[in-house]
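A.B. asks: From the sequence below, what's the structure:
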Amino acid sequence: MNDTALPRLLLIEDDEHFRAGLVASLQLAGCTLQAFGRGVPALRALADGDFELVLTDLRLPDMDGLEILAACRRHDAELPVIVMTGHGDIATAVGAIQQGAYDFVEKPFGRDRLLTLLQRAAQQRRLALENRGLRSTLAGGAGLERLLLGDSAAMRSLREWVLRLAPTPVDVLVQGETGTGKELVARALHEYGQRRGAFVAVNCAALPDTLVESELFGHEAGAFTGAAKARAGRFEQADGGTVFLDEVQAMPAPAQAKLLRVLQEREVLRLGAASPLKVDLRVVAASNAALEGEVAAGRFRADLFYRLDVVTLRLPPLRERRDDIPALFRHFAAGAALRFSRPPAELPPALGERLLAHAWPGNVRELKSAAERHVLGLPALAGAPGEGAAGGRSLQGALDAIESLLIEDALKRHKGQIEPICRELEVSPATLYRKFKQHGLAADTHRDA
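C.D. replies: The predicted structure is shown next:
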């Protein structure tokens, strides 16, 4: 099947006249399909057939579209499902996407829009089938582990999600503090998705407000003073590939509106152009601020946020995966030794203790800088001269400090809920409360955090 071929389609629509019109239109366009008015016989056909796509109404006489979606995902988690919905069911349709649907289309819809959507879904199916073997090989993590470093549970889960999402064309929102590696995640989604086009990174906060639309969407000659010739924007440059929008919360309001059009229609309108250009790309947006708060403050469009928030990857700060710190430090130190032509640097116990106890506000980026300073013979952490010496803290004191940090981190993440904290730390409630008293901690202070 080529990139523009229509798929073998399972159509489920209870309105007889609407179903007949869809069948005629899709068959005329070259689509092979079976059509049903109810969910149960359609799912029997799905079990026996070889379909590449399911197009279903949200409201059916015997079951709803979410039940259809769940059954399809049990049959094949990578089978694209598109839901058709009326205006009153938009919220349910968005929920269907969050539960794994490929997309939704609102009735009444034009024939060309539906065909474009079906072609994109067919391409996703083709890529998913091509990459099943590759994903199985990559699940060992050899390549991805070198890109997204760390053996903590949080990083293992992140790599699994990257491998799951990479072969699909779904746009992704990456949220995390500064220095957590958002661009690395975007590059991993691009490289492991095997998109043929370029990876184009854009720092939205670094673009002047007067140039941001021209930079992103391009312009025609004469579109504004100084536009002597036409110029392709970043989205056009990423056609066939991935555009990474870092600090997307800094994008001005007019550009946000145009970005929404790119996400919805997969087309770009250059400044000064009369007609839009089609683009085939994945958008990975990243923010170091909670976009929900930006929406509430009126600085970010709510409709754009909900469009971006279909799939969100949240990157843990370094303080929440302290187990990774020693291995990350050694990795960065080894790279710095090669780059600076210096001998390999050991990690003394006293420095290891300080690394584990440090808050790491700059996250992995700060840790990398610390490793480079250590290789150069400078204090790795500010205010830590002579850190390679034995240190002034006893082993028990160091263990107590680390234990207190781990418990406090768990309290924050689980909002003071005792049962999940006990499961994570593998301690009994009695032991946990004893540790609270020992370290001056309390669950109540975190329950409304």
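
A.B. asks: for residue 314, phi and psi?
C.D. replies: phi -100, psi 120 (degrees, to the nearest 10).

A.B. asks: does it really touch residue 175, like I thought?
C.D. replies: Yes - between residue 314 and residue 175 a contact is recorded at 5.1 Å, counting by C-beta atoms under 8 Å. Every residue, glycine included, has its C-beta placed from N, CA and C.

A.B. asks: Neighbour count for these two, which is higher?
C.D. replies: Higher neighbour count among residue 314 and residue 175: residue 175, with 21 against 11, using other C-beta atoms under 10 Å.

A.B. asks: Let me see the confidence value for that one.
C.D. replies: The pLDDT attached to residue 175 in the predicted structure is 94.

A.B. asks: cool, and residue 63?
C.D. replies: Listed pLDDT for residue 63 reads 89.

A.B. asks: Likewise for residue 117?
C.D. replies: pLDDT, residue 117: 89.

A.B. asks: Check the one 4 residues further on too.
C.D. replies: Residue-level confidence at residue 121 comes out at 87, pLDDT.

A.B. asks: Setting the sequence-adjacent residues aside, check what's closest to it.
C.D. replies: Using C-beta to C-beta, 6 or more residues apart in numbering and skipping the chain neighbours, the partner closest in space to residue 121 is residue 80 (4.1 Å).

A.B. asks: That neighbour is in contact with residue 102, isn't it?
C.D. replies: Yes - using C-beta under 8 Å, residue 80 is in contact with residue 102, at 3.9 Å.

A.B. asks: how close does residue 287 sit to residue 97?
C.D. replies: Distance, residue 287 to residue 97, using C-beta to C-beta, to the nearest Å: 20 Å.

A.B. asks: one step back: what is the neighbour count of the residue nearest to residue 121?
C.D. replies: By the criterion of other C-beta under 10 Å, residue 80 has 27 neighbours.

A.B. asks: Now do the contacts for it.
C.D. replies: Contact analysis of residue 80 by C-beta atoms under 8 Å, 6 or more residues apart in numbering lists 52-54, 102, 121-122, 124-125.

A.B. asks: Narrow those residues to just the buried residues.
C.D. replies: Among the contacts of residue 80, the ones that count as buried by 16 or more other C-beta atoms under 10 Å are 52-54, 102, 121-122, 124-125.

A.B. asks: Using CSV, write out every CA atom in stretch 219-231.
C.D. replies: Presented in CSV, the C-alpha positions along stretch 219-231 are these (Å, rounded to 0.1, in the frame of the first residue of the first chain):
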residue,chain,number,x,y,z
HIS,A,219,6.3,34.5,3.8
GLU,A,220,5.8,35.5,0.2
ALA,A,221,7.9,38.1,-1.5
GLY,A,222,6.6,41.6,-0.5
ALA,A,223,4.6,40.3,2.4
PHE,A,224,6.1,43.0,4.6
THR,A,225,8.9,45.6,4.5
GLY,A,226,12.2,43.8,3.9
ALA,A,227,10.7,40.6,2.5
ALA,A,228,12.5,40.7,-0.8
LYS,A,229,11.9,37.0,-1.7
ALA,A,230,9.7,34.2,-0.6
ARG,A,231,10.9,32.1,2.3
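
A.B. asks: Contacts for it, please.
C.D. replies: So stretch 219-231 is contacted by 214, 218, 233, 270-273 (C-beta under 8 Å, 6+ apart).

A.B. asks: Out of the residues you listed, list just those in strands.
C.D. replies: Among those, none falls in strands (DSSP state E).

A.B. asks: Which of those residues fall in helices?
C.D. replies: Of these, the ones assigned to helices by DSSP state H are residue 214.

A.B. asks: Next secondary structure after the helix or strand bottoming out on mean pLDDT in the chain?
C.D. replies: Every helix and strand of the chain was ranked by mean pLDDT, DSSP states H and E. The lowest is helix 142-147, at a mean of 70. Per DSSP states H and E, helix 142-147 leads on to helix 153-165 as the next helix or strand towards the C-terminus.

A.B. asks: Packing partners of that following helix?
C.D. replies: helix 111-138, helix 142-147, helix 182-193, strand 312-314 (3 or more C-beta pairs under 8 Å, 6 or more residues apart in numbering; DSSP states H and E).

A.B. asks: switch the cut-off to 7 Å
C.D. replies: Using 3 or more C-beta pairs under 7 Å, 6 or more residues apart in numbering; DSSP states H and E, the elements in contact with helix 153-165 are helix 142-147, helix 182-193.

A.B. asks: Might you report the residue contacts of residue 113?
C.D. replies: Contacts here follow C-beta atoms under 7 Å, 6 or more residues apart in numbering; on that basis residue 113 touches residue 105.

A.B. asks: Helices of the stretch 201-350 of the chain, residue ranges please.
C.D. replies: Listed in chain order, the helices of the stretch 201-350 of the chain (DSSP state H, counting those that start in this stretch) span 212-217, 234-237, 253-265, 291-296, 302-308, 325-339, 349-357.

A.B. asks: For this structure, which residues score under the pLDDT cut-off?
C.D. replies: Low-confidence segments of the chain, defined by pLDDT under 70: 1-6, 87, 130-143, 382-401, 447-449.

A.B. asks: what does the host helix or strand of residue 433 contact?
C.D. replies: Here residue 433 sits within helix 429-439, counting by DSSP H and E. Applying C-beta under 7 Å, 6+ apart, the external contacts of helix 429-439 come out as 403-404, 407, 418, 421-422, 442.

A.B. asks: That helix: which residues count as buried?
C.D. replies: Quick answer for helix 429-439 (16+ other C-beta under 10 Å): 432, 435.

A.B. asks: Just checking the distance from it to the centre of its chain.
C.D. replies: Centroid displacement of helix 429-439 relative to its chain, using C-alpha atoms, centre = their mean, to the nearest Å, is 37 Å.

A.B. asks: got the CA coordinates for stretch 44-53 in CSV?
C.D. replies: What follows is stretch 44-53 as a C-alpha-only set of coordinates in CSV (Å, rounded to 0.1, in the frame of the first residue of the first chain):
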residue,chain,number,x,y,z
ARG,A,44,-17.6,-10.2,14.6
ALA,A,45,-16.5,-9.1,11.1
LEU,A,46,-13.4,-7.4,12.6
ALA,A,47,-12.4,-10.6,14.3
ASP,A,48,-12.7,-12.6,11.1
GLY,A,49,-11.4,-9.9,8.6
ASP,A,50,-8.3,-8.1,7.7
PHE,A,51,-9.2,-4.4,8.2
GLU,A,52,-6.7,-1.6,8.3
LEU,A,53,-9.0,1.1,9.7
